[in-house]
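S.K.: sequence isn't available, so here's the structure alone:
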């Protein structure tokens, strides 16, 4: 029987299999010193990879790549090129260098008979295509799945299935996509994978898909499963990714203090090791800071990853909060130009901002068009939070077009959808929008009730940005009538006719007639007596 000292390569492989990363590294370092084989360098690269030592992992893979090439082992060289593509993205965000390694792997494999490496190539090519060409990514995922099935590699087969699922969700076919993702994640967490690295990849596909379609209940369930797996297997980066996803769920549920702890920890943990995975956590922390009223901090976080679509949407939200509707619209439109129409779920956040930005500058047609696309996406995906966002957007578009009653119905629907989906802050935002149209409809008491309920939700969550807006609305005069219309109505209540009112206010009788017509419309009345009675009920006199 050989001892670890006699066969450090085999010992290192055994330590990797049981998740003992430090002993594995020591064994492979001994193997490198003893024989310097490409297999020893490959093993060392994996030990360093699991220990979050990106520089050492990349260095070891490059050594292995050269040695495999020198030995004429083209499959081994291609395998290292593929993982160097992955490492350059994850550890360094060096996309050009990563692309070079992916092309090198493809050229090497093009000359070889089908092997597992061809399936890994398809999986990584799909990864590169996901957010630009979901149909191509789906086809590549299917190729990886079939390669894994043919070679008897469950890891590759299920990663291919997860890739297909993620591509389907990106394109808006959520039901079919989620079924594939659920199955792949189940196999991963049940211990069926030969390659532990694919567990994180598969599960991240699933949870990011949940977040993209705002299926927060599913995301919460799977995040808990993955976190337990990460703790059991001592996979560090997976724990950080889980904390980031959990922070998103907590933010949605209005538990902002807990979300702060989760997201801050995730950013700290991932930024030091895997900046690619840190990007989303940083942007999500920016979203949280914006809700908390910490705009300067939010901006700094967004600007760290300004090229990311979600960061650009966050900057648009900040512009809208600051009253720069034109700037917000430009940022949202720029984001949409970068996202193909096929990527329906990814476009939804930018469309949401664009509707409000267009409405704020009085562009009713632009708001309506953006709301239409968002509504079609929400109908295809079908999750309550996204349907709520679409109803809210439709209400905004209706309000700017002057259809206050239509807007009221949309905002009421949005409140119900957000509330049922356990989204108290978003329900509060819909209530605040509802209060605005209720004021214009002459329903001052109902407007105050809606704004007060919104304020309660914002204060309970610590969403200070929105709480300030609710306090402002509650502090304003919520009368549906203008100051001049109230002056006219007081004179009407005193029994004056149009001519007397015109003389008293030094305006024309035609103007008085127009004011009276507006009063009737705003109070929902058709006679002077009824208008005076309604104004008395609303304390407008």
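M.R.: That came in fine, so what should we check first? Note that the structure is a prediction, hence the values are computed from the model and not measured.
S.K.: what ranges do the strands span in this structure?
M.R.: Ranges of strands within the chain: none, based on DSSP state E.
S.K.: where does it have low pLDDT?
M.R.: Scanning the chain for pLDDT under 70 picks out the ranges 1-6, 476-479, 539.
S.K.: quick check: domain ranges of it?
M.R.: According to automatic domain parsing, the chain is divided into the following domains: 1-113, 361-475, 483-537.
S.K.: output those domains in CSV; the columns should cover distance to residue 307 and mean neighbour count.
M.R.: Bear in mind the C-beta positions are built from the backbone N, C-alpha and C, glycine included. Listed next are those as CSV, based on distance: least, Cβ to Cβ, whole Å; neighbours: other Cβ atoms under 10 Å:
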stretch, distance to residue 307, mean neighbour count
domain 1-113, 10, 19
domain 361-475, 23, 21
domain 483-537, 48, 16
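S.K.: out of those domains, which is closest to residue 175?
M.R.: domain 361-475 (8.1 Å; Cβ to Cβ).
S.K.: centre of the chain to the closest one, how far?
M.R.: Put simply, domain 361-475 sits 20 Å off its chain's centre (Cα atoms, centre = their mean, to the nearest Å).
S.K.: now distance to residue 335 too, for the domains of the chain, in JSON lines please.
M.R.: What follows is the domains of the chain, written out as JSON lines (distance: least, Cβ to Cβ, whole Å):
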{"stretch": "domain 1-113", "distance to residue 335": "19"}
{"stretch": "domain 361-475", "distance to residue 335": "12"}
{"stretch": "domain 483-537", "distance to residue 335": "38"}
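S.K.: which one of the ones you listed lies closest to residue 268?
M.R.: Between the domains of the chain, domain 1-113 lies closest to residue 268; by Cβ to Cβ that is 13.0 Å.
S.K.: gap between that closest one and the chain center?
M.R.: 34 Å.
S.K.: now swap in stretch 289-302 and tell me
M.R.: Taking mean C-alpha positions (Cα atoms, centre = their mean), stretch 289-302 and its chain are 16 Å apart.
S.K.: for it, buried residues please.
M.R.: Across stretch 289-302, burial judged by 16 or more other Cβ atoms under 10 Å covers 289, 290, 291, 292, 293, 294, 295, 298, 299, 301, 302.
S.K.: now the end-to-end length of that stretch.
M.R.: 10 Å (Cα to Cα, to the nearest Å).
S.K.: what comes into contact with it?
M.R.: 251, 256, 260, 282-283, 285-287, 311-312, 314-315, 317-318, 321-322, 425, 461-468 (Cβ atoms under 8 Å, 6 or more residues apart in numbering).
S.K.: what do you get if the cut-off is 10 Å, keeping everything else the same?
M.R.: 251, 254, 256-257, 259-260, 263, 267, 281-288, 308, 310-319, 321-322, 425, 458, 461-468 (Cβ atoms under 10 Å, 6 or more residues apart in numbering).
S.K.: buried ones among those?
M.R.: 251, 254, 256, 259-260, 263, 267, 281-288, 308, 310-319, 321, 425, 458, 461-463, 465-467.
S.K.: which ones among these map onto helices?
M.R.: In this view, the buried ones among the contacts of stretch 289-302 that belong to helices under DSSP state H are 251, 256, 259-260, 263, 267, 281-288, 310-319, 321, 425, 458, 461, 465-467.
S.K.: residue contacts, the closest residue to residue 91 other than its chain neighbours?
M.R.: Of all residues not flanking residue 91 in the chain, residue 54 sits nearest, at 3.0 Å (Cβ to Cβ, 6 or more residues apart in numbering). By Cβ under 10 Å, 6+ apart, the contact set of residue 54 is 48, 87, 88, 90, 91, 92, 273, 274, 275.
S.K.: tell me how far residue 353 lies from residue 360.
M.R.: Remark: distance between residue 353 and residue 360 (Cβ to Cβ, to the nearest Å) = 10 Å.
S.K.: more neighbours, those two?
M.R.: residue 353 (26 against 18; other Cβ atoms under 10 Å).
S.K.: please enumerate residues in contact with stretch 60-68?
M.R.: For stretch 60-68, contacts defined as Cβ under 10 Å, 6+ apart pick out 25, 28-29, 32, 36-49, 53, 73-84, 86-88, 101, 104-105, 108.
S.K.: out of the domains of the chain, nearest to residue 218?
M.R.: Short answer: domain 361-475, nearest of the domains of the chain by Cβ to Cβ, at 9.0 Å.
S.K.: in the buried residues of stretch 289-302, find the pair that's most separated.
M.R.: Top of the distance list for these (Cβ to Cβ): 293 and 302, 15.4 Å.
S.K.: might one say that residue 221 is in contact with residue 210?
M.R.: Yes - counting by Cβ atoms under 10 Å, residue 221 touches residue 210, with 9.0 Å between them.
S.K.: more neighbours: the two, which one.
M.R.: residue 210 (26 against 14).
S.K.: I'd assumed residue 252 was in contact with that one.
M.R.: No - contact criterion Cβ under 10 Å: residue 210 and residue 252 do not qualify, at 11.1 Å.
S.K.: who are the contact partners of residue 446?
M.R.: 408, 434, 435, 438, 439, 478.
S.K.: nearest to residue 130 among these?
M.R.: residue 434 (37.4 Å).
S.K.: residue contacts, that closest one?
M.R.: Neighbours of residue 434 in contact, by Cβ under 10 Å, 6+ apart: 392, 395, 407-412, 414-415, 446-447, 449-451, 453-454.
S.K.: one more time with 6 Å, if that's ok
M.R.: Residue 434 makes contact with 411, 450 under the criterion Cβ atoms under 6 Å, 6 or more residues apart in numbering.
S.K.: also residue 79?
M.R.: Neighbours of residue 79 in contact, by Cβ under 6 Å, 6+ apart: residue 117.
S.K.: please redo it, this time with the cut-off set to 8 Å
M.R.: Counting by Cβ under 8 Å, 6+ apart, the residues that residue 79 touches are 42, 68, 105, 117, 120.
S.K.: nice, that's everything, thank you.
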